[in-house]
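Chemist: what's the 3D shape of this:
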Amino acid sequence: MKTALITGGSTGIGKKLAQIHAEKGGNLVLVARSEDALKAIKKELETKYNIKVFLIVQDLVKPNAAQDVYDAVKREHITIDYLINNAGFGGIGKFHEREWQEDHDMILLNILALTALTRLFLPDFVARDEGRVLNVSSTASLMAGPLQAVYFATKAYVTSFSNAIAEELHDTNITVTNLMPGATETNFGKVSGMNKTELFKSTASARNVAEDAYNGMIAGKLDVMSGLTFSQKTMLTMIPVIPKKFLLSKVRKMQEVD
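Modeler: Below is the predicted model of the structure:
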């Protein structure tokens, strides 16, 4: 029986990943800020699937948050088999006009917390020579993002970081999978303000994206792309040959609030 630790495990893609893992009979460690939401999903999954769900109420933006999560797992003598770094958020607007604290916290969560948790748990995986890491990035990682400058940049980091350490582990039984979803039907759109843009007029099912992600992780895939329309897929394949100024203009217009 495998145990998966999922950050941001109470809503959106993270919650769906938790449900999928529970369906397969796996135990869970769920990390999120909302104690009420965590308790609700714990009750649901333990009752329905007869598994164990350990909760860690933690704001991963806080100092030493990743260490606190790791220490909590160790105190409970829980062995983590799958580390799923799902927590993250975005925000729309011109960089010089946005609240700096919001972008500062975005960097702390999207980059620092993900990196710290990976660094803490990975040596345990290496010692056992087994484990799976799933980092939730975005198709945004493949380009620069006017009106979401910091968010796109943080996801570019996640993709680069994930791919690099995957290769570092090439001679082990540990894999690192990078998920790059498109616009997905979660709270992300509302929180970031993206739900009012052209980009979020067509969103993918969080369950479908989570299934692609989970299956890709189990298969040890390097990258998993999910939740894209035909036009979005076409645009992504054209990125290397599209003039950069044209691409930046296109992305900006897609993210302008109606």
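Chemist: got any ranges where this structure has weak pLDDT?
Modeler: For the chain, applying pLDDT under 70 flags the ranges 184-202, 258.
Chemist: please export the C-alpha coordinates of stretch 226-243 as CSV.
Modeler: The C-alpha trace of stretch 226-243 is given here as CSV (Å, rounded to 0.1, in the frame of the first residue of the first chain):
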residue,chain,number,x,y,z
SER,A,226,-3.2,17.8,-20.2
GLY,A,227,-6.4,19.8,-20.6
LEU,A,228,-5.6,21.6,-23.9
THR,A,229,-7.9,22.6,-26.7
PHE,A,230,-6.8,21.8,-30.3
SER,A,231,-5.9,25.5,-30.9
GLN,A,232,-3.9,25.6,-27.7
LYS,A,233,-2.0,22.5,-28.7
THR,A,234,-1.3,24.0,-32.1
MET,A,235,0.0,27.2,-30.5
LEU,A,236,2.3,25.4,-28.1
THR,A,237,3.9,23.4,-30.9
MET,A,238,4.5,26.6,-32.8
ILE,A,239,6.2,28.5,-29.9
PRO,A,240,9.8,27.8,-31.2
VAL,A,241,9.1,29.4,-34.5
ILE,A,242,6.7,32.2,-33.6
PRO,A,243,8.4,35.6,-33.4
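Chemist: any idea how far it is from the chain center?
Modeler: 21 Å (CA atoms, centre = their mean, to the nearest Å).
Chemist: who's in contact with it?
Modeler: With contacts defined as CB atoms under 8 Å, 6 or more residues apart in numbering, stretch 226-243 is touched by 139, 142-143, 179-184, 202-205, 208-209, 212-213, 225, 247, 250. The C-beta positions use only the backbone N, C-alpha and C, and glycine is treated the same way.
Chemist: cool, and stretch 135-143?
Modeler: With contact meaning CB under 8 Å, 6+ apart, stretch 135-143 is reached by 13, 84-86, 88, 114, 118, 148, 151-152, 155-162, 176-182, 213, 225, 228, 232, 236, 239, 247, 251.
Chemist: quick check: buried residues in that stretch?
Modeler: For stretch 135-143, the neighbour count (16 or more other CB atoms under 10 Å) marks 135-143 as buried.
Chemist: I'd like these as JSON lines, with distance to residue 25 and secondary structure appended.
Modeler: Converted to JSON lines, the buried residues of stretch 135-143 look like this (distance: CB to CB, whole Å; DSSP: H, G, I helix; E, B strand; the rest coil):
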{"residue": "135", "distance to residue 25": "24", "secondary structure": "strand"}
{"residue": "136", "distance to residue 25": "23", "secondary structure": "strand"}
{"residue": "137", "distance to residue 25": "28", "secondary structure": "coil"}
{"residue": "138", "distance to residue 25": "30", "secondary structure": "coil"}
{"residue": "139", "distance to residue 25": "32", "secondary structure": "helix"}
{"residue": "140", "distance to residue 25": "34", "secondary structure": "helix"}
{"residue": "141", "distance to residue 25": "32", "secondary structure": "helix"}
{"residue": "142", "distance to residue 25": "35", "secondary structure": "helix"}
{"residue": "143", "distance to residue 25": "39", "secondary structure": "coil"}
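Chemist: so which of these comes closest to residue 28?
Modeler: Taking CB to CB as the measure, residue 28 lies nearest residue 136 of the buried residues of stretch 135-143, at 16.3 Å.
Chemist: how far away is that closest one from residue 20?
Modeler: Here the distance between residue 136 and residue 20 works out to 14 Å (CB to CB, to the nearest Å).
Chemist: residue 226 now?
Modeler: Counting by CB to CB - residue 226 and residue 20 are separated by 13 Å.
Chemist: who's more crowded, the two?
Modeler: residue 226 (21 against 17; other CB atoms under 10 Å).
Chemist: tell me what that one is bridged to.
Modeler: Here residue 226 sits in beta bridges with residue 181, as judged by DSSP bridges.
Chemist: if we can go back for a sec, narrow the contacts of stretch 135-143 to those that are buried.
Modeler: 13, 84-86, 88, 114, 118, 148, 151-152, 155-159, 161-162, 176-182, 213, 225, 228, 232, 236, 247, 251.
Chemist: alright, that wraps it up for me.
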